[in-house]
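>>> Task: produce atomic coordinates for the following.
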Amino acid sequence: MVEASFDSFGSAASRPRILALANQKGGVGKTTTAINLGTALAAIGEKVLIVDLDPQGNASTGLGIDQKSRTISTYDIMTGEAPLDRAIRPTAVPRLFVAPSTLDLLGLELEIANDRDRAHRLKKAISMLGLAQTTTGEEAFTYILVDCPPSLNLLTINAMAASDAVVVPLQCEFFALEGLSQLLKTVEQVRQSLNPGLSIHGIVLTMFDSRNNLCSQVVDDVRAFMGTKVYDTVIPRNVRVSEAPSYGKPVLLYDLKSTGAQAYLKLASEVIQRERALLAA
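Residues are numbered from 1 along each chain as shown. This next block holds a predicted model:
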């Protein structure tokens, strides 16, 4: 059974926490958050894998993985042509690794549409990764972050079916709550049909501009609507965060002292605090 596959990691306490970063709206800071949250978690001692499930491959590029070097990608993982451990690449950040994507993912949905296990491809691949690490004695990942495409398609469904929880980056803009409602419906559908344990880990407000009254109003509205599901940490609009991907670097490597880098370090600490609270409950 699929649920039993997590035994490949040993005890439940030793297996990685799997978080899907999802929002069907593009340009909200989803990939930026995947890169920089992963970097921040690694910086404070976690061993982190970012699985790039977005055909655009921006998380891979933002971590310095050249397009031509992606000979084995998440496309090969999702089609079953290669195991996940063969796609994993180190990054310039110690303890941070990435399974890169390519544009081949664009055609995946049609290729596997008729397969019975189409929604569990990623979950199976992650399970086999745990078996491989257990067999070789390699240190296991403590966090796996899945960067979803900006749409609620089969790739996103796979990410949610494989994950413990969803992290939702939400830009501080007028239509923020409208898009959030649809995403929450999708999470609930996945929970009911594919993954009963799925939850919302938290909503991270991004691109916040304190000079903009609308941004402050959006923050208030989202907190009123979602309560404690909204992280305390707010990611500011910061030019260093925007510049870093063009250099193939996370903002923590590009400018550690920037407000954006410091915000992602705070977010990582908050994520870990929530994890500890869950374990203690």
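>>> Identify the residues contacting the nearest residue to D54 once chain neighbours are set aside.
Nearest residue to D54, sequence neighbours excluded (CB to CB, 6 or more residues apart in numbering): P149, at 4.5 Å. For glycine as for every other residue, the C-beta is placed from the backbone atoms N, C-alpha and C. Each residue near P149 by CB atoms under 8 Å, 6 or more residues apart in numbering is listed here: L53, D54, P55, Q56, L105, L155, T156.
>>> ok, now how distant is the first one from Y75?
Think L53. Computed with CB to CB, to the nearest Å, the distance linking L53 and Y75 is 10 Å.
>>> Now do the shared contacts for those two.
With CB under 8 Å, 6+ apart as the test, L53 and Y75 both reach S101, L105.
>>> Compare these two and say which is more crowded by neighbours.
Between L53 and Y75, counted using other CB atoms under 10 Å, the more crowded position is L53 (29 against 23).
>>> got a list of what the residue nearest to that one when sequence neighbours are not counted touches?
Distances taken as CB to CB, 6+ apart place L155 nearest to L53, at 4.9 Å, with adjacent residues excluded. L155 makes contact with L53, D54, P55, M78, L105, L108, E109, C148, P149, according to CB under 8 Å, 6+ apart.
>>> Wasn't L155 part of a strand?
No: if the criterion is DSSP: H, G, I helix; E, B strand; the rest coil, then L155 is helix and not within a strand.
>>> Quick one: distance of stretch 114-129 to the chain centre.
17 Å (CA atoms, centre = their mean, to the nearest Å).
>>> Span of it from start to end?
Using CA to CA, to the nearest Å, the end-to-end distance of stretch 114-129 comes to 25 Å.
>>> What residues sit buried inside it?
Residues R118, A119, H120, R121, L122, K123, K124, A125, I126, S127, M128, L129 are the ones in stretch 114-129 that count as buried (16 or more other CB atoms under 10 Å).
>>> Could you check which helix or strand contains the last one?
When secondary structure is defined using DSSP states H and E, the element that contains L129 is helix 121-136.
>>> Which strands or helices does that helix pack on?
The contact analysis (3 or more CB pairs under 8 Å, 6 or more residues apart in numbering; DSSP states H and E) places helix 121-136 against helix 74-79, helix 84-87, helix 154-162.
>>> tilt between it and helix 154-162?
Interaxial angle, helix 121-136 versus helix 154-162 (axes from the mean of the first three to the mean of the last three CA atoms, to 10 degrees): 50 degrees.
>>> Tally up the residues packed near A280, please.
6.
>>> got a pLDDT number for it?
Looking at A280, its pLDDT is 81.
>>> For it, give its distance to E111.
43 Å.
>>> just L155 next, same as before
12 Å.
>>> Checking my notes, G64 in a helix, right?
No: with three-state DSSP as the criterion, G64 is assigned coil and is not in a helix.
>>> how many neighbours does the nearest residue in space to it that is not next to it in sequence have?
Counting by CB to CB, 6+ apart, G248 is the residue found nearest to G64 once chain neighbours are left out, at 3.5 Å. Applying other CB under 10 Å, we find 17 other residues in the vicinity of G248.
>>> SS state for A119?
helix.
>>> Check whether it really touches A161, as I assumed.
Yes: using CB atoms under 8 Å, A119 is in contact with A161, at 5.0 Å.
>>> what bits of the protein have low per-residue confidence?
In the predicted model of the chain, residues 1-14 satisfy pLDDT under 70.
>>> can you pull out the strands in it?
17-21, 48-52, 89-90, 96-99, 143-147, 165-171, 199-208, 230-236 (DSSP state E).
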